[in-house]
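Participant: I would like the atomic coordinates for the input below:
(3 chains)
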Amino acid sequence: MPFRTPVLDTGPSTISAPSDAVSIVARARDAGRARGAVVGVVLAAGIAVSFAISVSVGDFPIPLAEVVPAIFGFGSPDAHFIVQTLRLPRALTALLVGGAFGFSGAIFQSLARNPLASPDIIGITAGAGAAAVFIIVVVGGGGLLVSLGALAGALGTAAAIYFLAYRRGITAYRLVLVGIGVAAVLSSLTSYLLTRAQIWEAQRATVWLTGSLNGRGWEHVRPVGLAMLALFPVVLLLARPLRALQLGDDTAKSLGVGVERYRRYLILVAVALAAVATSSAGPVAFVAFVAPPIARRLTRSSLTLVPAALAGALLVLLSDLVARRAFAPTELPVGIITGIVGAPYLLWLLARANRVGTGG
Amino acid sequence: MSEMSRATTHTLQAQELTLAYDKVEVAKDLSLSIPPGKITCIVGANACGKSTLLRALSRLLKPQEGSVLLDGQCIHRLPTKTVATLLGILPQSPIAPEGITVADLVARGRYPHQKWFRQWSTSDEQVITDAMVATGTLDLATRSVDELSGGQRQRVWIAMALAQGTDLMLLDEPTTFLDLAHQVEVLDLLVELNHEEGRTIVMVLHDLNHACRYSHHLLAMRDGRLVAEGTPEQVVTEAMVKDVFHLRSRVLPDPVSGTPMVIPIGRHFNVSEEDSIASGTAAAGVPGGRHA
Amino acid sequence: MVTKTAPRANSKVVGWERRPKGLVRSRSARAAGLAASLVLLGLVNLASIAFGSKQIPFATVIDALFNFDPELNDHLIVRSLRIPRNTVGLLVGAALGLAGAVMQGVTRNPLADPGILGVSAGASLFVVVGIYVFGVGTLLGYVWFAFAGALVASLVVYFLGSLGREGATPVKLALAGAALTAFLASITTAILLIDVATLDQYRFWAVGSLAGRTPQVAAQVAPFIAVGGLMALVSGRLLNALSLGDDVARSLGQKVGLSRAFSAASVVLLTGAATAAAGPIGFVGLTVPHVARAITGPDYRWILPYSAVLAPVLLLGSDIIGRVIARPGEVQVGIITALVGSPFFVMLVRRRKLAEL
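Facilitator: Below you'll find the predicted structure:
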């Protein structure tokens, strides 16, 4: 027999571990986490400041010193009224809607493994829009009815997209494409409704479709507030499986993650957040798109959920401030500002990503 | 320090597997048993079903018929997290999320050992560190995975698979993007893991000579069927190479390891049929053959 | 004694994309198919003249064509409303079909549709600017603005979507288009909300319709569609080479940059003219090339003429449906094509193994 069965001579391994190897690794991991915490704190501070300014400025300016008392129910009756009935609910809606969109966008982008995925792109907000316009134009409803209709529209569209994209499981890619298709139909229907409406209804509908915080009161804060309260812990719990899912289906399965199951939960949560946020403020363009990449660039991390929510909240608060005051006394819908600011940033991201070769 | 006390007794078997993608049958009636504590390689031509078999063994693919048994139990009936603590697979094209650092990626391998309320422990840290030291990726700890070369990235993924800490390790073409030196380094590492920690290793390798050198047990596949099984000497013969790879060859003993070494003949070298097809055993120690 | 092993025809290839082969593969069969499609087009043409929001007996329609009597109202409807409308529908349909096919070939992307890629948003924005800033009020007036908008938007989207090593991939282009669409829509909305009169005018144009299209509209866009159409039909060879990838195309002697620019120019001309004439109509450009490809296989020299013929069939067909279901009014053709096109598109995404990204 010319062949010898190999006697593998495994002597002592030639690789020797440095004595502080464990601390090298620990430090590498802590560095990332510390940065995330710092970014979070800075964003939160920014939110607090913008919040205070939002409450303070307006046709009836309230000095900053009086803002905090007014929020908590003290202070002069005028300030109290304005703050409690107008500015506070509006600012809270802005904050919560931005946070919800930030979370939703972050989840979608991680699932799709594509920095350009977002609930608005995949047609859910188009569903909300079609339903809202229907209510405004056909039913002649206002305020709360529109919000409810939008919520129903968003959830119904999400279900439809999910089932249409389901073919022995969901791939994020198919979801995005089916969403684009469905969105086109819905926006077609929306345009049709706009042509059948009276001009003032069409105008009202157009304002809603852009995304607006005008006249948002406590009835708008409650649904988003409740949703965020209920879903925030769920998002945190799902963060770990999401981290595994980011590695690709095969690796995730190998690590013991029930891939289909967790993807379903994550999509559900992301859709619910986007739907509730849209029903409160309309499809505020691009927050869900832009906030996660901003957060990722700031924290240099591969998964940012809370920072994305904070970035979203800050973005909406600031945009609303600009929308309210930039052309005073005319109030622009906040969606215009986020769209005009968000989209160029996004296109720049795409250009950069493509140049580096990691786009798509 | 004998670490042979960790010798694994986890068994992995396939019983009459029929595997298909989208109703297209890829493999039929595969029955095999992975020898515990040994290194097994699956070889065969492209699209013969090697990767498919590996995926089925690791429960990534549900068989159309038949079953995969882990420790005697149907692997699809076991909770996936339990399986993840016993068996890990490194798939062919793993995806690294944008911006992730090496340390973080390796750390994600600890997922099956963590619960949501007990996220991180010192033993986790130690395991990750050991995995990075063993693959020589410790000095890359803070680097972003996107920036690494193909070879470095592959070693990082292997570190992650190591960090998962499973007794059974399945690897789908782990040496594909590596240069020769790194290929050998990775294979040497796997041999050490098998020898010192008793891990069972199953690999798909496209390089037949590496497969002969580094494995105890070989599975040769063709068109979705198992055509040969056994030690490299038993399996790799000129007849088998002709049958499975449609390649005429000479099989000689590797001068370094003594295992079979396949030398392809191709169309431009003239070697007679009688010389090249030996009678079952590679009696081709006889040099010469007619040359044009 | 060299033994050659014949490659086994292994039909059970797994993991390799099954390239769709056309139903009809021989040259004569394809020509016959094209002829049949032309016949179909002719029939649809007649139908679109015969049917409409007002029910006009068939005999009267024939009369109107051959024994025109300017006194008769019905004859006037046929001659001065339906025929020009039909002509515009033909031109717009052919333009959209060709533009979609060329776009898909240039970008190597089965999801390319001028509408999805942001071009219609560009046209819309410029139209709105035209209405608001320059007081443009007629269909004819929109033409140039829509053109310019289509040009700018398509350049931006294509430029952004093809940066980087991989070039234009389906999702990158679709999402770049969506991003640009949203941006332009933001600005458009801002203007619409500032000026209600603009909104009132714009919302009817934005749906996409063939109603009220006069012979002058047809005359205005026809030259551009003719030039663009000719450029498109001629680029069949170019697209075939491009579909093999830039490197292979270059090694075959193709001037890749120039070919792309040439094809892109034809797309802009065609889409700009079509959107200018009828407003933004989606999905014709997306779905028809796929139907064409399913019939002919991946040869662009055939896909292009088939698209040019089948797209007007879809468009005019949708127009007929729109006029008939809501008598005496009509549902604009832009709505119907999306309702018809989208289910098809979703089915396409579900069934076809599109290359993963």
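
Participant: phi, psi of B:D254?
Facilitator: phi -60, psi 120 (degrees, to the nearest 10).

Participant: I'd assumed B:I263 was in contact with it.
Facilitator: No: contact between B:D254 and B:I263 fails when scored by CB atoms under 8 Å: they sit 10.4 Å apart. In short, each C-beta sits where N, CA and C put it, glycine included.

Participant: So those two - more neighbours on which side?
Facilitator: B:D254 (17 against 13; other CB atoms under 10 Å in any protein chain shown).

Participant: In contact with A:G153, which residues?
Facilitator: Counting by CB atoms under 8 Å, 6 or more residues apart in numbering or on different chains, A:G153 touches A:127-132, A:134.

Participant: so what's it closest to, chain neighbours aside?
Facilitator: Nearest residue to A:G153 in three dimensions, chain neighbours excluded: A:A131, at 2.5 Å (CB to CB, 6 or more residues apart in numbering or on different chains).

Participant: now C:D69
Facilitator: Using CB to CB, 6+ apart, the closest residue to C:D69 is C:H75 (5.3 Å).

Participant: Just give the nearest non-adjacent residue to C:G228, would you?
Facilitator: In space, C:G228 is closest to C:L269, 3.2 Å off (CB to CB, 6+ apart).

Participant: My error: substitute A:T93 in the last question.
Facilitator: Nearest one to A:T93, counting by CB to CB, 6+ apart, is A:R216 at 4.3 Å.

Participant: ok so that neighbour is a strand residue?
Facilitator: No: going by DSSP: H, G, I helix; E, B strand; the rest coil, the assignment for A:R216 is coil, not a strand.

Participant: circling back: and the pLDDT at the residue nearest to A:G153?
Facilitator: On pLDDT, A:A131 comes in at 93.

Participant: what's the helix or strand where the residue nearest to C:G228 lies packed up against?
Facilitator: If you go by DSSP states H and E, C:L269 is part of helix C:256-278. Applying 3 or more CB pairs under 8 Å, 6 or more residues apart in numbering or on different chains; DSSP states H and E, we find helix C:256-278 packed against helix C:83-106, helix C:119-134, helix C:139-161, helix C:215-234, helix C:236-242, helix C:246-251.

Participant: low-confidence ranges in the chain?
Facilitator: Answering for chain A, as no chain was given. Within chain A, the ranges that satisfy pLDDT under 70 run A:1-17, A:114-122, A:172-173, A:285, A:346, A:349-360.

Participant: look at chain B instead
Facilitator: For chain B, the stretches flagged by pLDDT under 70 are B:1-8, B:116-119, B:272-292.

Participant: The nearest residue to C:A292 once chain neighbours are set aside and C:S243, how far apart?
Facilitator: Ranked by CB to CB, 6+ apart and with sequence neighbours excluded, the top spatial neighbour of C:A292 is C:Y306, at 3.8 Å. To C:S243, C:Y306 is 16 Å away according to CB to CB, to the nearest Å.

Participant: who has more neighbours, those two?
Facilitator: Taking other CB under 10 Å, C:Y306 and C:S243 do not tie; C:Y306 has more neighbours (25 against 16).

Participant: Can you list the buried residues in whichever strand or helix holds the more buried one?
Facilitator: Using DSSP H and E, C:Y306 maps to helix C:300-325. Neighbour counts over helix C:300-325 (16 or more other CB atoms under 10 Å in any protein chain shown) mark C:300, C:302-323 as buried.

Participant: Counting neighbours, what do you get for C:D299?
Facilitator: By other CB under 10 Å, neighbour count at C:D299 equals 18.

Participant: How about it: what's its closest non-neighbour residue?
Facilitator: C:N240 (6.4 Å).

Participant: quick one, what contacts that neighbour?
Facilitator: C:105, C:299-301.

Participant: How much space separates it from chain A?
Facilitator: Distance of C:N240 to chain A, given as CB to the nearest CB, to the nearest Å: 25 Å.

Participant: Local confidence estimate at that residue?
Facilitator: At C:N240, pLDDT is 87.

Participant: C:V39 too?
Facilitator: Per-residue pLDDT puts C:V39 at 92.

Participant: Count the neighbours of it for me.
Facilitator: Neighbours of C:V39 using other CB under 10 Å come to 11.

Participant: which element is it on?
Facilitator: Using DSSP H and E, C:V39 falls within helix C:27-50.

Participant: With C:D63 instead?
Facilitator: Assigned by DSSP H and E, C:D63 falls in helix C:58-66.

Participant: and whatever helix or strand comes next after that helix, how far from the chain's centre?
Facilitator: Counting by DSSP H and E, the next helix or strand C-terminal to helix C:58-66 is helix C:73-76. Put simply, helix C:73-76 sits 31 Å off its chain's centre (CA atoms, centre = their mean, to the nearest Å).

Participant: list the buried ones in the lowest-mean-pLDDT helix or strand in chain C?
Facilitator: Within chain C, confidence by mean pLDDT, DSSP states H and E is lowest for helix C:246-251 among all helices and strands, at a mean of 75. Across helix C:246-251, burial judged by 16+ other CB under 10 Å covers C:246, C:249.

Participant: swap in stretch B:245-253?
Facilitator: Neighbour-count burial for stretch B:245-253 [16+ other CB under 10 Å]: B:245, B:247-253.

Participant: Could you do stretch C:228-238 as well?
Facilitator: Applying 16+ other CB under 10 Å to stretch C:228-238 flags C:228-229, C:231-233, C:235-236, C:238 as buried.

Participant: Please apply the same query to stretch A:166-179.
Facilitator: A:170-179.

Participant: Would it count as contacting chain B?
Facilitator: No: legend: contact between stretch A:166-179 and chain B by CB under 8 Å from any CB of the partner chain is lacking; minimum distance shown is 8.6 Å.

Participant: right, and B:Q164 touches A:L255 too?
Facilitator: Yes: with contact defined as CB under 8 Å, B:Q164 counts as touching A:L255 (6.7 Å).

Participant: ok, back up a step: touching chain A at all, the least confident helix or strand of chain C?
Facilitator: No: Helix C:246-251 lies apart from chain A when judged by CB under 8 Å from any CB; the minimum separation is 15.0 Å.

Participant: As a check, name the ranges of all helices in chain A.
Facilitator: Applying DSSP state H to chain A gives helices spanning A:21-56, A:64-71, A:77-81, A:88-112, A:124-134, A:143-165, A:172-196, A:199-210, A:218-245, A:249-254, A:259-281, A:287-299, A:306-325, A:334-356.

Participant: Run the chain-centre distance for the longest one.
Facilitator: Offset of helix A:21-56 from its chain centre (CA atoms, centre = their mean): 19 Å.

Participant: And for stretch C:259-276?
Facilitator: The answer for stretch C:259-276 is 11 Å, by CA atoms, centre = their mean.

Participant: Return it as PDB; C-alpha atoms alone will do.
Facilitator: C-alpha atoms of stretch C:259-276 as PDB (Å, rounded to 0.1, in the frame of the first residue of the first chain):
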ATOM      1  CA  SER C 259     -24.500  53.400 -26.800                       C
ATOM      2  CA  ARG C 260     -25.900  54.100 -23.400                       C
ATOM      3  CA  ALA C 261     -26.200  57.800 -24.000                       C
ATOM      4  CA  PHE C 262     -27.800  57.200 -27.400                       C
ATOM      5  CA  SER C 263     -30.400  54.800 -25.900                       C
ATOM      6  CA  ALA C 264     -31.000  57.000 -22.900                       C
ATOM      7  CA  ALA C 265     -31.600  60.000 -25.200                       C
ATOM      8  CA  SER C 266     -34.300  58.000 -27.100                       C
ATOM      9  CA  VAL C 267     -35.900  57.200 -23.700                       C
ATOM     10  CA  VAL C 268     -36.000  60.800 -22.700                       C
ATOM     11  CA  LEU C 269     -37.500  61.900 -26.000                       C
ATOM     12  CA  LEU C 270     -40.100  59.200 -26.000                       C
ATOM     13  CA  THR C 271     -41.100  59.500 -22.300                       C
ATOM     14  CA  GLY C 272     -41.000  63.200 -22.400                       C
ATOM     15  CA  ALA C 273     -43.200  63.400 -25.400                       C
ATOM     16  CA  ALA C 274     -45.600  60.700 -24.000                       C
ATOM     17  CA  THR C 275     -45.900  62.400 -20.600                       C
ATOM     18  CA  ALA C 276     -46.300  65.700 -22.200                       C
END
